[in-house]
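structure, please.
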Amino acid sequence: MSLVDGAAEILLVSNDPKHSETGGGHGAKGVDFPRWWAVFRMIELEKANEPDFLLLFESIQDVAELDSATTPSRARVYQVKKKDAGTWTWSVLTGTSAPKAPSPKQSKSTKAITAPVKAPTFEKVSESALGKLHLSLTAFSSLPVEGVFLSNAGCDFPLASGGSAATTMPCSLADLATAHVQLLIDAFASLSPGAPPPDLARVRLEKVAIHSDNLAAPAIAAALELLNERSPEHAGQAKAFVDSLVMQLSPLTRRTDACTSFEKLVKERGFSRNAFLAALADLETVPDRLALLDVWLKQLQTEGVDFMTITSVRTAAARAQRDRLMGGTNISNEIDSFCDDWIATNPWTSNLRPLVEAALAVLRVKFSGHRDHDLMARFVMRAITKCVDPN
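All right, here's what the predicted structure looks like:
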């Protein structure tokens, strides 16, 4: 297979509506979950020094990951599903009833009389998550493709080695208990009569540690680690970097029209490594807030603020920056919002100290349970932010 054939086959499969996923079944969080995971995955790929990658959204299942944005030679197709509680059950993910284990009496006695085993039905398999993954894989005749069911919850499937996939992920469908493997082979074979036997080793079950009530945290933590390696002076912008990527991905999940070329498919529904690196490079054009803090604190010291206060404010500002990086708390966000409103309605003075002291007097009344240097630090950081980004 040539590399050009790989791009053509991707285009062909993506234009078949039965292989795409649109929207989510769990409200806004269900829709957002694949986007936040996709940002996390791109950071993961970049940290692994992959020479190239492309993520396609809602073209082939939820996300399709290619090894190249121009000449793909392999692909990985994902069903990315959020679950608020519990584990995924066999019937939900496969559309079939799980095989029943023999009772202790039947296994010990050869004379036990058993009722006839009811033949399994496969009517719902094609609409199940794993059934859809299998159909997407069989749509490719040349390009090497594997499928992944990925969730924040485990899958309650028994393994041939003992135990459950719910606590032993990742694993492939070929690792499941013998009766379950055979049932899946029969179920998938029913979707493509006459085709080669299904290869269950090509479909994996994976779990990602993304809590449904805090989708952003893992991506922000991964971005912080990457920025500490690549651009330490901009590590404080990890949250802004991740938020920006999620915003850029959002319109890619809303396209439904068929694409006439692979290049158009990439443009309308894809996010490449080059786009990721461009977003990373954009950070270099944004001033580092902590570097500007040094300038402001030196000015305050020049205007007579004592050294111990400056030191305490610097330490508190570093804590505030870490807090902001992880999304903040209700009270810290309230303080920041109050500072923004005060800055917007009060004129700047020629010196910094009168401005900071005037703001501190108001903040003391509003947030009396907080120490002066904490309030000063948050005010100064918000003032710097407004200078850097007036919007």
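
so where's the stretch 251-391 of the chain uncertain?
Within the stretch 251-391 of the chain, the set of residues satisfying pLDDT under 70 comprises 285-288, 325-327, 388-391.

now the strands for it?
270-272 (DSSP state E, counting those that start in this stretch).

helices of that one, residue ranges please.
Using DSSP state H, counting those that start in this stretch, the helices found in the stretch 251-391 of the chain span residues 262-269, 273-282, 289-302, 307-325, 330-345, 352-366, 372-388.

to Ser161, which of those lies closest?
Nearest to Ser161, of all these, is helix 273-282, at 36.8 Å by CB to CB. (Each C-beta comes from the backbone N, C-alpha and C, glycine too.)

summarise which helices and strands that closest one is packed against.
helix 27-47, helix 238-249 (3 or more CB pairs under 8 Å, 6 or more residues apart in numbering; DSSP states H and E).

show me the contact partners of the longest one.
By CB atoms under 8 Å, 6 or more residues apart in numbering, the surrounding residues in contact with helix 27-47 are 23-24, 26, 53, 55, 57, 62-63, 65, 78, 80-82, 150, 152, 208, 210, 212, 215-216, 218-219, 222-223, 225-226, 229, 242, 245-246, 249-250, 253, 271, 273, 276-277.

report the distance from it to the chain centre.
For helix 27-47, the separation from the chain centroid amounts to 2 Å (computed by CA atoms, centre = their mean, to the nearest Å).

buried ones in it, by neighbour count?
Across helix 27-47, burial judged by 16 or more other CB atoms under 10 Å covers 30-46.

and that helix with helix 273-282, angle?
Put simply, helix 27-47 runs at 90 degrees to helix 273-282, going by axes from the mean of the first three to the mean of the last three CA atoms, to 10 degrees.

so who does the nearest residue to Ala359 once chain neighbours are set aside touch?
Nearest non-adjacent residue to Ala359, counting by CB to CB, 6 or more residues apart in numbering: Phe379, 4.9 Å away. Counting by CB under 8 Å, 6+ apart, Phe379 makes contact with 339, 342, 356, 359-360, 363.

give me the neighbour count for the nearest residue to Ser231 once chain neighbours are set aside.
Closest residue to Ser231 apart from its sequence neighbours, by CB to CB, 6+ apart: Leu283 at 6.2 Å. Neighbour count of Leu283, defined by other CB atoms under 10 Å: 19.

from Leu245, how far out is Leu283?
Separation of Leu283 from Leu245 (CB to CB, to the nearest Å) stands at 11 Å.

just Leu363 next, same as before
33 Å.

between the two, which one's more packed in?
Shown here are Leu363 and Leu245; by other CB under 10 Å, Leu245 has more neighbours (24 against 21).

let me see the contact set for the more buried one.
Per CB under 8 Å, 6+ apart, neighbours of Leu245: 39, 42, 276, 279.

closest to Ala383 out of the residues you listed?
Ala279 (26.6 Å).

that closest one reaches Ser244, doesn't it?
Yes: in this structure Ala279 lies within contact range of Ser244 using CB atoms under 8 Å: 6.2 Å.

rewinding a little: wait, which of the helices and strands packed on helix 273-282 is closest to Ala195?
Nearest to Ala195 among these is helix 27-47 (28.8 Å), distances taken as CB to CB.

could you check the angle the closest one makes with helix 238-249?
Using the same axes, to 10 degrees: helix 27-47 against helix 238-249 is 110 degrees.

partners of the helix or strand that helix 27-47 is followed by in the sheet?
The C-terminal neighbour of helix 27-47 among helices and strands, as given by DSSP states H and E, is strand 54-57. Here strand 54-57 is paired, per DSSP bridges, with strand 63-66 (antiparallel), strand 270-272 (antiparallel).

neighbouring contacts of strand 54-57?
With contact meaning CB under 8 Å, 6+ apart, strand 54-57 is reached by 10, 14, 34, 38, 41-42, 63-66, 68-69, 72, 249, 252-253, 265-266, 269-273.

now stretch 218-233
Contacts for stretch 218-233 (CB under 8 Å, 6+ apart): 36-37, 39-40, 43-44, 46-47, 208-210, 234-235, 237-239, 241-242, 246, 280, 283-284, 288, 290-291, 325-327.

try 6 Å this time
Residues outside stretch 218-233 that contact it (CB atoms under 6 Å, 6 or more residues apart in numbering) are 36, 39-40, 43, 47, 210, 234-235, 238-239, 241-242, 288.

the closest residue to Gly86 other than its chain neighbours - how many residues pack around it?
Nearest residue to Gly86, sequence neighbours excluded (CB to CB, 6+ apart): Ala153, at 6.7 Å. Around Ala153 there are 18 other residues, counting by other CB under 10 Å.

also Leu352?
Around Leu352 there are 18 residues (other CB under 10 Å).

which residues touch it?
299-300.

quick check: which element contains the closest residue to Pro170 other than its chain neighbours?
Once flanking residues are discounted, Pro170 sits nearest to Glu206: 4.4 Å by CB to CB, 6+ apart. If you go by DSSP H and E, Glu206 is part of strand 203-207.

what average pLDDT does that strand get?
Mean per-residue pLDDT for strand 203-207: 96.

that strand: which residues count as buried?
203-205, 207.

residues making contact with that strand?
For strand 203-207, using CB under 6 Å, 6+ apart, the contacting residues are 133, 147-150, 154-155, 165, 169-173.

if you set the cut-off to 8 Å instead, what comes out?
By CB under 8 Å, 6+ apart, strand 203-207 touches 130, 133-134, 137, 146-155, 157, 165, 169-173.

may I have it exported as PDB, CA atoms only?
Presented in PDB, the C-alpha positions along strand 203-207 are these (Å, rounded to 0.1, in the frame of the first residue of the first chain):
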ATOM      1  CA  VAL A 203      -9.400  -3.600  19.600                       C
ATOM      2  CA  ARG A 204      -8.200  -2.400  23.000                       C
ATOM      3  CA  LEU A 205      -9.900  -1.200  26.200                       C
ATOM      4  CA  GLU A 206      -8.100   1.700  27.800                       C
ATOM      5  CA  LYS A 207      -8.900   3.900  30.900                       C
END
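
show the subsequent helix or strand relative to that strand.
Reading on from strand 203-207 to the C-terminus, the next helix or strand found by DSSP H and E is helix 217-230.
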